[in-house]
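A.B. asks: Could you look at this predicted model? Sequence included:
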Amino acid sequence: MSLIHEYIMNTEVSHHEKLFKMYEVIKELAPMSEECLSWGMPTFKVKGNLVHFADNKNHLGFYPGPSGIVEFEEYLKDYKHSKGAIQFPYNKELPIELIKKIVLFRLKENLGE
């Protein structure tokens with residue numbers, strides 16, 4: 001079992017589905033990424049940090065870094081967000097297409113494309 005799977009299995013059971021979905025989406029788009037825990041969060045690395053995510057009491061935290069926020073700011077109006085973090089509430093559907101766009105943007109950015 002990977003460190004990220006262990007991390008997810010140690011969270012609230014009701015959060016597992018969304019956390020595993022986040023993991024699957026990122027892994028599908030960046031299969032070459034190195035998986036680890038960084039700052040206690042599931043982290044994907046491709047030529048440096050790609051994205052992180054984390055379980056919180058009421059939301060799934062997604063951390064694409066400042067550039068991932070700035071690039072998609074207009075799509076984040078419905079979500080609490082800061083300079084480097086987005087909160088996806090557990091009581092709402094995950095915005096899978098938005099997450100995919102952000103991950104692909106960060107991947108191109110890290111690969112220098």
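C.D. replies: Cool, the structure landed.
A.B. asks: contacts and neighbour counts: CA atoms only from here.
C.D. replies: Noted.
A.B. asks: Return the set of buried residues in the longest helix along the chain.
C.D. replies: The residue-count maximum for a helix in the chain (DSSP state H) belongs to helix 96-111. Residues Ile99, Lys100, Ile102, Val103, Leu104, Phe105, Arg106, Leu107 are the ones in helix 96-111 that count as buried (16 or more other Cα atoms under 10 Å).
A.B. asks: Just give the closest residue to the fifth one, not the sequence neighbours.
C.D. replies: Meaning Leu104. Of all residues not flanking Leu104 in the chain, Leu29 sits nearest, at 7.0 Å (Cα to Cα, 6 or more residues apart in numbering).
A.B. asks: coming back round to it: okay if I get the buried residues of helix 96-111 as TSV plus pLDDT and distance to Ile4?
C.D. replies: As requested, the buried residues of helix 96-111 are exported to TSV (pLDDT from 0 to 100; distance: Cα to Cα, whole Å):
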residue	pLDDT	distance to Ile4
Ile99	98	18
Lys100	98	19
Ile102	98	20
Val103	98	17
Leu104	98	20
Phe105	98	22
Arg106	98	20
Leu107	97	19
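A.B. asks: Out of those residues, flag the one nearest to Val46.
C.D. replies: Leu107 (7.3 Å; Cα to Cα).
A.B. asks: Report the buried residues of the helix or strand Glu6 falls within.
C.D. replies: Element membership for Glu6 (DSSP states H and E) is helix 3-9. Buried residues in helix 3-9, counted by 16+ other Cα under 10 Å: Ile4, Tyr7, Ile8.
A.B. asks: okay, the residues you listed in CSV with distance to Ser82 next?
C.D. replies: Shown next, in CSV, are the buried residues of helix 3-9 (distance: Cα to Cα, whole Å):
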residue, distance to Ser82
Ile4, 24
Tyr7, 24
Ile8, 24
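A.B. asks: Format these as CSV; extra columns: pLDDT and distance to Trp39.
C.D. replies: Output for the buried residues of helix 3-9, formatted as CSV (pLDDT from 0 to 100; distance: Cα to Cα, whole Å):
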residue, pLDDT, distance to Trp39
Ile4, 97, 13
Tyr7, 98, 12
Ile8, 98, 15
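A.B. asks: still on that earlier bit, which ones are touching the residue nearest to Leu104?
C.D. replies: By Cα atoms under 8 Å, 6 or more residues apart in numbering, the contact set of Leu29 is Lys100, Val103, Leu104.
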